[in-house]
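Visitor: here are the coordinates; sequence isn't available:
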């Protein structure tokens, strides 16, 4: 059976290579599209440059951070270097670095292609919806393919070289720590710029949102790319790697059939990649087609192809179990259902958004109350979906033997994330066409082109809700399996220390309960710190904008030869984002360590659970409430409830401003926070086994 | 040792009698205070009448509801009447009715004395802060003494008569179901009236908040009484009974020393009542004293007296354990610490409120974001406090033998709630002086009197934050012991069915995990439904107000012979509140039942945990954020950040409107929701043992 595994290593590398090749083809295709408008090219260049500045700065800080962590890993993990096998420590440190590096490369490529596609999509829109849609979608697909290709390649390479799944946790931690920077840092960046640009431009000076005189305007556009493209890519790279890593850790701990189960993890993941490639290749839109339908139907096509491919593989390969196929399928289907439920709460053709818009007519307090309430209610379907898929996956795989039930849950997560290539493509499409819309306006491409760009943009917003629901759902399942991986690591460490194994984490045990309560508070504190960080950072940027308007002569008057210092604003957003992020990240990591040192392994198990439960709840709440407010503002702007400029519109704008950091900063960062905490806990198991106050 | 228990039954009845007698004395004292102002008496009579209308209506619906539940209990609980001992069913049904009745009586008396005290406190303020403070405080104390007296009397009587602690769960469920109506229904009532009065009066007509032309103005004043006095009393009656009941259930399941431990529960509870009586009797304020300090110092005095009295009892009575004393003391001290931490986040002399006020200068979105963020952060100290007190209580009592550790946690809850008589006195003081302030204004008692009333009112707001933190903390510990009581009930039922006992609820078990996720979503859905309910109900009332202004001639013009139909608004608030409450209550109860029928006992255990964790988090968040917004509005009104009428003030008013249903409707109702769900789960154990899909 080891032979079978070798086959899948080979196939994993092959499928990653196919993904890279296809991505290269799409990249060339996008690059070949014409871009002739001078003004658009200028602005696009500024955005590209700004994004590069941020990435360079971020990667520099990250390199230092990762270097420090790598040295710590080298010294202490998986066991202090003076106690254990030094090669293990080297392997762990290297795989940590590999995790950060691959994620960084994927993010960088995503940014490059996104800032290439936006201008071309804007010009494509002059010729109709069909070419513009394809440019936006294929640009996004490059990111999707690279992310998944890197994930499968990295996991397979690390495991093939070291042959020990627990080293994979180091790789996964690398991906997580980058995701924390990219997602939370990018989230603070994008909202800092957005808020500052709005406050100074629209409110104080009364100039348009994209007026080039505003020094923050380029930072705002850059924000879309670094938050939504690079950040989201790093986030899903992280989830994807974490799902595979935890499934593999659990597979290795299974008695018997280990090779089969490890093979299945790779097989299902690479088939997901192939299904995504096929889905991307066949995505089409008619001349007057509906882009939302096109995006959604490509998701459904990919889902269908995946189920058929995995069924065929399960039938063909000896030792592959139909039960595990069932678990993966349950995961994927529930993911789709969660996406549809999320759509119900955030789509402006559905009643919830319209009710919130209607409430806005009574004033901003009612916009907020309504959004908060529906945001809370919207958590229910996703929580129930995750709960049911875990329960089903467990019960489907339980009869296979001890440990298989938990492995089934891990495979449900792998299944849910299998089509992540497709998900990222849809998700990255959003900011590309969003930028394209702005460029079309700045380039003066005419009303019809802007209308088309608007339609593409609106589809991006709608689809985003679905993909966000999907990624939070997947994170939910993944962390359950990370919890399993934590327990399996803990038992290995306990056995090594000659202590009794733990069989589970009983909520009636107050040590566990202690951890649960503190773990539950952490996502709330983490997201609050990020939101407050946006606020503080925006104050710095507003001060800089005021300085520029006061000291640069001719800027306020719009002298065509005078340009604001865009770079200064990008600098502030960049350093501020990283400065605000670090305390929030540290609080969560230090809380994990403190709980472990007080209550030991059991308290940490509880801590992870509390973190997962409240993290899922808050992530769903904030993402959905934010999307709901955004779309109800758009619904009013489309002429309902009095339209633009009405009291209802003013109230809806306030709702949207509240929702912005909810949905783009705090909400989606919680996923990453949960994964980071889970991995920190797993990696520090030896410390908690060696010392703890009560236990 | 049975003799010792008889002694404590006797002492319990005696201390309840002392409390009732002292309450009667205070009531007479308050009643003796002069009330001469005609206008004040008129308005006070309207408020009294309105409160009575609500209570009558509420109690009528409740009587039907309780009757139905009592019949169901009679038929099915503790086991179907055709299977078990019919007398048990009769006892359970009767103790359920006793629970609702005692709670209803306590609420009714509280309302009576509150609507007596408000007018007298207003007139007392003419003679200085000292007499007005005493009237407000002693009026509140009547409620506090009656609630605790009824709780101890009821629990002792039920247990003495039936001799089986599990019947007590029926009594406790009675208290909870009344609390659900009183707290959540009262919360919807009060905010409906508040919002409607503001929207039509201040916003549409530009008349003052308390203008008697507004048909909703009396309903608004009634709301303070039914929500804050009767609702809060029912809530704490419920928590107090639940804490005692769960401690007694656990005490009975202990092998050996049962009588001692049962005696200790009664002993500590009645000593708490005595300590409260002494604290109330000695509460004083100097001629120019600070009412906040007076209220807080009476809390600290009570805490000190309680610790001394319980230490003396533990030393004196044979078989009383110092470890259990330690657990109760830990509970009480942590309660005080949580209160102080809450105060830090909601007191306008502390930085958090001031920062939120400052953020308001940038617009309402920043008021909301800032309040949400600090509200999230404010959960941490309380969650850590509850976690640590549970951990300490467990570890202190664990060496006593099996089961004692959990009993220790229950005693920490009893300890935290021991001084509840004092807490309620402080809490009921708030709405009394709030009403007094309004009456002083309407009665034209002059600026100096209004200033004094203002000072008393502001002390009420500050102290409220502390007592709210206290009551949420206590609820947190109580539900842990209810979880223990649930498991003990479950094992009894499993043993009766010849099935294997459960040893705990392992979070790695997906059946448990399934329950946890769904349980965690429920408080979010419940509070959202209440908030939306306020909104819907307010729309109905606004329509009625418009109708009155349009059809009653002379009303708008202020003809002194024309009065609005206050009763209609009170009717709408009443029926609407109950109409909106019932679906929210049903969703939580049906979810409990659905989870139990799908996943059985283990899923329900998880469900309770998820419910507790997310419920605590959301209750803390909403109560604290609401208090924070309220006080930052007041801080601005005191002349900071531009003062009244500034942009910051407008933003702060929006924050306060968002916070109102958070802190007065949804937040405090979650406590009750958690208790109701826990008790429903415990009572329905036999059903879940008999049938469930997976398990």
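Guide: Sure, I can see it. Computed from a predicted structure; not experimentally measured.

Visitor: residues in contact with residue A:440?
Guide: A:40, A:122, A:125, A:449-450, A:453 (C-beta atoms under 8 Å, 6 or more residues apart in numbering or on different chains). (Each C-beta comes from the backbone N, C-alpha and C, glycine too.)

Visitor: could you flag which of these are buried?
Guide: A:40, A:122, A:125, A:449-450, A:453 (16 or more other C-beta atoms under 10 Å in any protein chain shown).

Visitor: can you put those in TSV and add secondary structure?
Guide: Formatted as TSV, those follow (DSSP: H, G, I helix; E, B strand; the rest coil):
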residue	secondary structure
A:40	helix
A:122	helix
A:125	helix
A:449	helix
A:450	helix
A:453	helix
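
Visitor: now residue A:642: closest residue in space, sequence neighbours ignored.
Guide: residue A:648 (5.0 Å; C-beta to C-beta, 6 or more residues apart in numbering or on different chains).

Visitor: quick one, what contacts the one you found?
Guide: For residue A:648, the contact set (C-beta under 8 Å, 6+ apart) comprises A:357-358, A:360-361, A:636, A:641-642.

Visitor: the residues you listed, buried ones only, as a ChimeraX selection?
Guide: The following ChimeraX line selects those of the contacts of residue A:648 that are buried, judged by 16+ other C-beta under 10 Å:
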select /A:357,358,360,361,636,641
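
Visitor: relative to residue B:552, which of the contacts of residue A:648 is nearest.
Guide: residue A:361 (26.4 Å; C-beta to C-beta).

Visitor: and the closest residue to the closest one other than its chain neighbours, backbone torsions?
Guide: Distances taken as C-beta to C-beta, 6+ apart place residue A:648 nearest to residue A:361, at 4.3 Å, with adjacent residues excluded. Dihedral angles of residue A:648 (phi, psi; degrees, to the nearest 10) stand at phi -60, psi -40.

Visitor: same deal with residue A:163?
Guide: phi 70, psi 10.

Visitor: ok, now which ones touch the residue of the stretch 551-695 of chain A found nearest chain B?
Guide: Chain B sits closest to residue A:657 of the stretch 551-695 of chain A, with a gap of 3.6 Å, by C-beta to the nearest C-beta. With contact set as C-beta under 8 Å, 6+ apart, residue A:657 has these partners: A:195, A:198, B:363, B:365, B:369.

Visitor: now those in JSON lines, with pLDDT, secondary structure and distance to residue B:464?
Guide: Below are these laid out as JSON lines (pLDDT from 0 to 100; DSSP: H, G, I helix; E, B strand; the rest coil; distance: C-beta to C-beta, whole Å):
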{"residue": "A:195", "pLDDT": "82", "secondary structure": "helix", "distance to residue B:464": "34"}
{"residue": "A:198", "pLDDT": "78", "secondary structure": "helix", "distance to residue B:464": "37"}
{"residue": "B:363", "pLDDT": "85", "secondary structure": "coil", "distance to residue B:464": "28"}
{"residue": "B:365", "pLDDT": "88", "secondary structure": "helix", "distance to residue B:464": "27"}
{"residue": "B:369", "pLDDT": "92", "secondary structure": "helix", "distance to residue B:464": "24"}
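
Visitor: by neighbours, which of those wins?
Guide: residue B:369 (28 neighbours; other C-beta atoms under 10 Å in any protein chain shown).

Visitor: how much space between the residue nearest to residue A:642 and residue A:633?
Guide: 10 Å (C-beta to C-beta, to the nearest Å).

Visitor: next one: residue A:228
Guide: From residue A:228 to residue A:633 the distance is 18 Å (C-beta to C-beta).

Visitor: same deal with residue A:36?
Guide: Where residue A:633 is concerned, residue A:36 sits at a distance of 34 Å (C-beta to C-beta).

Visitor: so which of the two has more stuff around it?
Guide: Using other C-beta under 10 Å, the more surrounded residue of residue A:36 and residue A:633 is residue A:633, with 27 against 10.

Visitor: hmm, the host helix or strand of that one in reach of chain B?
Guide: Element membership for residue A:633 (DSSP states H and E) is helix A:566-637. Yes - for helix A:566-637, a contact with chain B is found by C-beta under 8 Å from any C-beta of the partner chain, at A:598-599, A:605-606, A:609-610, A:613-614, A:616-617, A:621.

Visitor: scan these and report the most crowded one.
Guide: Highest count within the residues of helix A:566-637 next to chain B by other C-beta under 10 Å belongs to residue A:610, 33 neighbours.

Visitor: before we move on, the earlier item: tell me the phi and psi of the residue of the stretch 551-695 of chain A closest to chain B?
Guide: Dihedral angles (degrees, to the nearest 10) for residue A:657: phi -70, psi -40.

Visitor: pLDDT score assigned to it?
Guide: We note a pLDDT of 88 for residue A:657 in this prediction.

Visitor: how about the residue sitting nearest the centre point of chain A: what's its closest non-neighbour residue?
Guide: Taking C-alpha atoms, centre = their mean, the centroid of chain A lies closest to residue A:235, which sits 3.1 Å from it. Leaving aside its sequence neighbours, residue A:235 sits nearest to residue A:183 (C-beta to C-beta, 6+ apart; 4.6 Å).
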